[in-house]
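Novice: Dropping a prediction and its sequence here:
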Amino acid sequence: MSRRPLDDSPPESDRFEEAPHPRETMELFGHKAAEAEFLDAYRAGRLPQAWLIGGREGVGKATLAWRVARFVLAHPDPRLPDVQRAADLSVPADHPSARRVMARSHPDVNVLRREWDPKSKKHFTEIRVDDVRKTIDMFHHAAGEGGWRVAIVDSADDLNRSSANALLKVIEEPPPRSLFLIVAHQPARIMPTIRSRCRRQFLSALAPGEVASALRALGEPWDETPDAALNAAALRSGGSVRDALKLLSGDSLALIDSVERLLRALPNIDWARVHELAEATQGRDGLDGFESFMAAVFDWLDAFVQEGAAASLDARRLAPLAEVWEKIAASARETQALNLDRRPLVLSIFSDLALAVRTARA
């Protein structure tokens, strides 16, 4: 299966590095209920024309959206026996509609995403209003194959005010047999007037076993990853295939192991190792390591507080953990937003955590 855009086209903003694009992903893991909800609505002839699919990055929102698109394009009449007896939304990879979708040659499906800027050689930071207008233009013409016209927005988080308003206008009065599948990583932050006009589905985090299965299904090289490494990434992924892929690239797993050992030793601090860790999170090359470090810290904090509550620790003892949690989150946001040196933050996090742990155990 191809891992790169076809021909000489630019990189796609909705593809994670070398992983298959969601339109190329034929299997869906962990979201049978969401799939059944769509299928039931389609079979009953009560298909809303705009769906807002929310959830954490990497849980399968775009995979579900493309799966829905393939199904309605392959089965444009919900009354037909193939639809009425379908167990799920799967479409054979060799179906003509599936082949055209995968080849990006289907005339009735369009994806709205951050486009490539040939001047800067980067993707634009937002979905621009002109991008929305180009997508909307498809709905001004009859469907090329006489069925549905589908627009996938990946993701709505990238819309600015102007582009969101342009999208709102068309979903307020959608043309017949049109379908908008709107992916959102933080649906609560999407314009309320857009949310109110969509049927909403929230996809929960995947179980570690589902993450591992999804990784295997991606093909080479992930299906050749040793079980121990793949299962460790799945366990630490927070239910996100995207985050598991990040962990499997570079030295993220080794870094997380180091962080977890340092956290377990608190309130004692091995400052030599902490300084080594801080250096590993510095610079552009250290960004993934920094993100992995922060995820490990918050996972540890969550577990520590839950264990303390289960052990009926005095709320007064746990209060410093809640305070340091908020402090760390605010400092991390500021460091990222202002592109500050990450090393002082790493050092201060261990100092603050050691003090909070000492208080909790006093």
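Specialist: Alright, I've got the coordinates.

Novice: give me the element Val111 is part of.
Specialist: strand 109-112 (DSSP states H and E).

Novice: chain center to that strand, what's the gap?
Specialist: Its chain's C-alpha centre and that of strand 109-112 lie 18 Å apart, by CA atoms, centre = their mean, to the nearest Å.

Novice: Settle this for me: Ala233 is touching Leu215, isn't it.
Specialist: Yes: counting by CB atoms under 8 Å, Ala233 touches Leu215, with 7.4 Å between them. Where you see a C-beta, it was placed from the backbone N, CA and C, and this is true even at glycine.

Novice: Mind checking which of these two has more residues around it?
Specialist: Ala233 (26 against 23; other CB atoms under 10 Å).

Novice: if I've got this straight, that one is in a strand?
Specialist: No: Ala233 is assigned helix when assessed by DSSP: H, G, I helix; E, B strand; the rest coil, not a strand.

Novice: hang on, the earlier thing: which neighbours do Ala233 and Leu215 share?
Specialist: Common neighbours of Ala233 and Leu215, counting by CB atoms under 8 Å, 6 or more residues apart in numbering, are 244-245, 248.

Novice: now, which of those sits nearest Glu24?
Specialist: When the shared contacts of Ala233 and Leu215 are ranked by distance to Glu24 (CB to CB), Leu245 comes first, at 14.8 Å.

Novice: quick one: the strands in the stretch 1-150 of the chain?
Specialist: Counting by DSSP state E, counting those that start in this stretch, residue ranges of the strands within the stretch 1-150 of the chain are 50-54, 109-112, 116-117, 122-123, 149-154.

Novice: any idea which of those strands is most buried?
Specialist: Burial of the strands of the stretch 1-150 of the chain is given as mean neighbour count (mean count of other CB atoms under 10 Å); strand 149-154 ranks first at a mean of 26.

Novice: these two touch, right, Ser90 and Glu35?
Specialist: No: with contact defined as CB under 8 Å, Ser90 does not reach Glu35; the gap is 9.2 Å.

Novice: Could you dump the strands of the stretch 1-150 of the chain into JSON lines and include distance to Val274 and mean pLDDT?
Specialist: Below are those laid out as JSON lines (distance: least, CB to CB, whole Å; pLDDT from 0 to 100):
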{"stretch": "strand 50-54", "distance to Val274": "37", "mean pLDDT": "97"}
{"stretch": "strand 109-112", "distance to Val274": "44", "mean pLDDT": "96"}
{"stretch": "strand 116-117", "distance to Val274": "40", "mean pLDDT": "94"}
{"stretch": "strand 122-123", "distance to Val274": "34", "mean pLDDT": "92"}
{"stretch": "strand 149-154", "distance to Val274": "39", "mean pLDDT": "96"}
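
Novice: quick one, what contacts Val241?
Specialist: So Val241 contacts 58-60, 206, 211, 214-215 (CB under 8 Å, 6+ apart).

Novice: backbone phi and psi for it, please?
Specialist: phi -70, psi -40 (degrees, to the nearest 10).

Novice: State the distance from it to Val59.
Specialist: Using CB to CB, to the nearest Å, Val241 is found at 7 Å from Val59.

Novice: Identify the contacts common to those two.
Specialist: Applying CB under 8 Å, 6+ apart, one finds that Val241 and Val59 are jointly contacted by Leu206.

Novice: helices and strands of this protein: which one has the lowest mean pLDDT?
Specialist: helix 287-310 (a mean of 83; mean pLDDT, DSSP states H and E).

Novice: Report the buried residues of that one.
Specialist: Neighbour counts over helix 287-310 (16 or more other CB atoms under 10 Å) mark 288-297, 299-301, 304-305, 308 as buried.

Novice: CA atoms only for that helix - export them in CSV, please.
Specialist: The C-alpha coordinates for helix 287-310 follow below in CSV (Å, rounded to 0.1, in the frame of the first residue of the first chain):
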residue,chain,number,x,y,z
LEU,A,287,10.0,18.3,20.3
ASP,A,288,8.6,14.8,20.1
GLY,A,289,10.6,13.9,23.2
PHE,A,290,9.2,16.9,25.1
GLU,A,291,5.7,15.9,24.1
SER,A,292,6.3,12.3,25.3
PHE,A,293,7.9,13.7,28.5
MET,A,294,4.8,15.8,29.2
ALA,A,295,2.4,13.0,28.5
ALA,A,296,4.3,10.7,30.9
VAL,A,297,4.2,13.4,33.6
PHE,A,298,0.5,13.9,33.3
ASP,A,299,-0.2,10.1,33.2
TRP,A,300,1.9,9.7,36.4
LEU,A,301,0.1,12.6,38.1
ASP,A,302,-3.3,11.1,37.2
ALA,A,303,-2.3,7.7,38.6
PHE,A,304,-0.7,9.2,41.7
VAL,A,305,-3.8,11.2,42.6
GLN,A,306,-6.2,8.3,41.9
GLU,A,307,-4.1,6.0,44.1
GLY,A,308,-4.1,8.6,46.8
ALA,A,309,-7.8,9.0,46.6
ALA,A,310,-8.3,5.2,46.7
